[in-house]
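Participant: Based on what follows, work out the 3D shape:
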Amino acid sequence: MASVATSSTANAFAKFTPPFSSARNLPQTLLLPRRRRSASAAARIYSSVSAVTPSPTKPDDLVENILSKVVNTDRGVLLTRDEHQKVAQVADELQNFCIDEPVKCPLIFGEWDVLYCSNPTSPGGGYRSAFGRLVFNTKEMMQAVEAPDIVRNRVSFSLLGFLDGEVSLNGKLTALDGKWIQVVFEPPELKVGGLEFSYGGESEVKLQITYIDENIRLGKGSRDSLFVFQRCKSAS
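Facilitator: Sure, this is the predicted structure:
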């Protein structure tokens, strides 16, 4: 799952009429020669000005920024409220660089790691609740988007730290417009040890794609949950 007078000032000084008509009438203090700044002093002034002048923000810089804020945070669970807000601010800036109609972009296809979510239970339901994380130690949270309209979500975990399992969802994607998608999922399938079964009923989610490139995808749910997906690297 952002962001800007010299000529007018010069004209103002050009039109300004000094109160003294000639140098002979100037006070003696104004006739004193000015001491020239040394090269080192000029360099210090330039450095101080450069330090307070913000450089133009690039999408790549924002991508690195948001990744640095969400990696190794248990997909956002370990972040404070203030840190979540900082992630949201960078996401808002990246949204300004989103391509038109990202839903139609072929970059959405592929396998994605669910790197962050502002609401822990949005991507994994009860498995990612406070109690669920005590019982189900999450290993991976993946989403595969396959052409033309297939979405597969998978959460792998370790049950009580010794029994491996996973829950998966298969869904069908529908484009609502150029930015919003809807996915209707079949009942979840749970695998634990040698057991495998389906439970529950169908579910439905809506997600707005707010930014996408070769590396990351940002999404915002209908309840304003923010997602950061990172493309899985192909095994070499």
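Participant: any idea how far F109 is from D213?
Facilitator: Using C-beta to C-beta, to the nearest Å, one obtains 14 Å as the distance from F109 to D213. C-betas here are computed from N, CA, C, even on glycine.
Participant: now K58
Facilitator: Going from K58 to D213 by C-beta to C-beta gives 12 Å.
Participant: neighbour-wise, which of the two wins?
Facilitator: When K58 and D213 are compared on other C-beta atoms under 10 Å, the one with more neighbours turns out to be D213, at 18 against 10.
Participant: Pick out the residue nearest the middle of the chain.
Facilitator: When C-alpha atoms, centre = their mean is applied to the chain, the residue found nearest the centroid is A91 (3.6 Å).
Participant: Report the contact partners of it.
Facilitator: With contacts taken as C-beta atoms under 8 Å, 6 or more residues apart in numbering, A91 has the following neighbours: M1, I66, T210, Y211, L218, L226, V228.
Participant: So for T138, what's the nearest residue that isn't a sequence neighbour?
Facilitator: Counting by C-beta to C-beta, 6 or more residues apart in numbering, F157 is the residue found nearest to T138 once chain neighbours are left out, at 5.3 Å.
Participant: isn't that neighbour right next to N137, touching?
Facilitator: Yes. Using C-beta atoms under 8 Å, F157 and N137 qualify as a contacting pair, with a distance of 5.8 Å.
Participant: low-scoring pLDDT stretches of the chain, where are they?
Facilitator: Low-confidence segments of the chain (pLDDT under 70): 1-56, 234-236.
Participant: the helices in it, which residues?
Facilitator: The residue ranges that make up the helices of the chain, judged by DSSP state H, are 6-15, 39-52, 59-70, 81-95, 121-124, 130-135.
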